[in-house]
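Participant: next comes the sequence, and after it the predicted model I'd like to discuss.
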Amino acid sequence: MTKRAYSPKEVLAKTYKTLPWGERWSRPFGFPTVNEAWFIWGDTGSGKSSFVMQLAKELCNYGMTLYCSYEEGVGQSFKERIERFKMGEVQGRFRVVTSDAYDELVERLSKPKSPHFVIVDSFQVSGWTYEQAKQLIDRFPAKSFIFISQEHKGQPMGKPAIRLRYIAGIKVRVAGYKAFCKGRFTEDPGSCYVVWEEGVLRTSNNIG
């Protein structure tokens, strides 16, 4: 069967629901659609984990958010971020899983009223292939998947992660406690999201 081809008029007639967030988020990240795929990478100690938790809290304003904490579980550092960013304020819209296998996550997301935003931290520790990650995006087109990646020499670690970055609409690199958007929606390519102001100052001044 021949697949459908869209006319320019049909494309222009389409409407999309976007994240209605404030300027702190819209300036570096624009107004992405609520089902856009994200890819976030950064080195250890860059502020990546703190950024992801801040993003998770913001996304809870727009739908149930599931944090797949494959890399850290619910260890002490994860608990400290839960406390620091007051995740108790979004208690009803935030859940954490630590050991869902791929098929178990698919089953979870297939249920009614399942989470809308799914954070996978990290892609490498999940053990998934690129094909499995792509299948998740295709199987649940109304949901938003946020893949977190380890970094090696400034790039996502491993060829599957690099491939996954290409298909994400929002690509974010975290470095020096700043999150830089390299995606399709940013309004101001020169702007960034400051994860931790004191950390930025320490990095800039080379203070330990």
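Facilitator: Ah, there it is.

Participant: tell me how far the residue nearest the centre of the chain lies from Arg4.
Facilitator: The structure's the chain has its C-alpha centroid closest to Ile146; by C-alpha atoms, centre = their mean the separation is 3.0 Å. When distance is defined by C-beta to C-beta, to the nearest Å, Ile146 is 29 Å away from Arg4. Where you see a C-beta, it was placed from the backbone N, CA and C, and this is true even at glycine.

Participant: how far away is the residue nearest to the centre of the chain from Arg24?
Facilitator: From Ile146 to Arg24 the distance is 18 Å (C-beta to C-beta).

Participant: do the same with Leu136
Facilitator: Per C-beta to C-beta, Leu136 is found 29 Å from Arg24.

Participant: same check on Gln54?
Facilitator: 10 Å.

Participant: okay, the two: which has more neighbours?
Facilitator: A direct count of neighbours by other C-beta atoms under 10 Å for Gln54 and Arg24 places Gln54 higher, at 20 against 12.

Participant: strands paired with the one helix or strand Phe147 maps to, and their directions?
Facilitator: For Phe147, the host element (DSSP states H and E) is strand 144-149. Note on strand 144-149: by DSSP bridges, its sheet partners are strand 38-42 (parallel), strand 117-121 (parallel).

Participant: what residues of stretch 151-158 count as buried?
Facilitator: 151, 156-157 (16 or more other C-beta atoms under 10 Å).

Participant: wait, which of those residues is closest to Gly127?
Facilitator: Nearest to Gly127 among those, counting by C-beta to C-beta, is Met157 at 13.4 Å.

Participant: test my guess that the closest one contacts Gln150.
Facilitator: Yes - judged on C-beta atoms under 8 Å, Met157 makes contact with Gln150 at a distance of 4.3 Å.

Participant: where along the chain do the helices fall?
Facilitator: Here the chain has its helices, by DSSP state H, at 8-13, 23-29, 48-59, 76-84, 102-109, 123-126, 130-139, 159-167, 197-204.

Participant: which other helices and strands does the second one contact?
Facilitator: The reference is to helix 23-29. Counting contacts by 3 or more C-beta pairs under 8 Å, 6 or more residues apart in numbering; DSSP states H and E, helix 23-29 is packed against strand 178-181, strand 193-194.

Participant: ok, the third one next?
Facilitator: Using 3+ C-beta pairs under 8 Å, 6+ apart as the contact criterion, the secondary-structure elements in contact with helix 48-59 are strand 38-42, strand 65-69, helix 76-84, strand 117-121, strand 144-149, strand 170-175.
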